[in-house]
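**Student:** sharing a sequence plus its predicted fold:
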Amino acid sequence: MKQLVWIVAGGLILILGMGLSPAALADFELTGPDGRRILLQQNGTWRYVEAKEKEQAADNAKTLLLVLERKVEREKSCRFAVRLTNNLPYEVQNIVPSYSAYRADGRIYDTVSAGSAFVALKPGDTQAREFEFYGIPCRDIVRVQVVGGDRCNMGDLNRWSDQSEAKGQCLARVRVEESKLVRFDK
């Protein structure tokens with residue numbers, strides 16, 4: 001009789017253990033001592049929940065966001081369209097970035113700027129511009145790099161800024177979003 005009780009009890013424990021094991025191994029979240037959410041995964045790894053999204057949102061909130069929106073193949077050239085969004089707390093009176101096209105072998109083909117500057121861009125506003133690389137088809141451009149833009153007028157940077165100290169500061173306030181059209185960076 002005792003043996004039968006132990007067999008039944010062991011069977012119940014085995015059945016309960018098998019039923020609970022997926023739940024025991026499932027991913028679950030907890031809050032760390034610093035208040036951040038942590039996801040413990042069943043494969044033994046962990047990561048902060050939404051850390052990447054929060055960091056990206058924080059970066060977007062204090063920069064100019066430049067997005068490559070379109071690539072148009074033309075007969076003997078390649079035209080690109082970009083959109084700049086002002087996420088800074090102040091107006092951007094003027095910024096003129098330049099764009100360099102790179103071939104597959106890593107050489108720069110040309111550097112151009114859009115036909116006009118981004119001007120009077122108030123916080124939260126967006127403006128679009130286009131630029132074109134003449135003499136090279138889109139299929140030969142593997143990378144577009146945002147360069148220049150040193151003569152801007154925004155916040156504490158203006159035409160009276162010491163250019164030796166201000167070099168690179170305008171472009172430092174621009175965050176370039178990755179693009180599926182072509183490698184797009186600064």
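**Tutor:** Nice, I can see it.
**Student:** what's across from the closest residue to Glu177 other than its chain neighbours in the sheet?
**Tutor:** Nearest residue to Glu177 in three dimensions, chain neighbours excluded: Val67, at 4.7 Å (Cβ to Cβ, 6 or more residues apart in numbering). In short, each C-beta sits where N, CA and C put it, glycine included. As for beta bridges, Val67 partners with Arg83 under DSSP bridges.
**Student:** what's the domain layout of this structure?
**Tutor:** For the chain, automatic domain parsing gives the domain ranges 25-54, 62-185.
**Student:** give me the mean pLDDT for the shortest one.
**Tutor:** So that's domain 25-54. Mean pLDDT, computed over domain 25-54, is 71.
**Student:** pull the contacting residues for the residue nearest to Glu177.
**Tutor:** Val82, Arg83, Leu84, Thr85, Glu177, Ser179 (Cβ atoms under 8 Å, 6 or more residues apart in numbering).
**Student:** out of those, which one sits closest to Gln127?
**Tutor:** Distance to Gln127, by Cβ to Cβ, is smallest for Leu84 among these, at 5.6 Å.
**Student:** ok, back up a step: point out the most buried one among the domains of the chain.
**Tutor:** Per residue and on average, the most neighbours among the domains of the chain fall to domain 62-185, with a mean of 16 (mean count of other Cβ atoms under 10 Å).
**Student:** avg pLDDT for it?
**Tutor:** 91.
**Student:** end-to-end on that domain?
**Tutor:** 18 Å (Cα to Cα, to the nearest Å).
**Student:** now do it: distance to the chain's middle.
**Tutor:** 15 Å (Cα atoms, centre = their mean, to the nearest Å).
**Student:** from Ala114, how far off is Asp140?
**Tutor:** Between Asp140 and Ala114 the computed distance is 21 Å (Cβ to Cβ, to the nearest Å).
**Student:** I misspoke; the intended subject was Ala81.
**Tutor:** Noted for Ala81: a distance of 9 Å to Ala114, by Cβ to Cβ.
**Student:** Val72 too?
**Tutor:** From Val72 to Ala114 the distance is 14 Å (Cβ to Cβ).
**Student:** likewise Glu130?
**Tutor:** Taking Cβ to Cβ, one finds Glu130 at 6 Å from Ala114.
**Student:** quick one: common contacting residues for those two?
**Tutor:** Val82.
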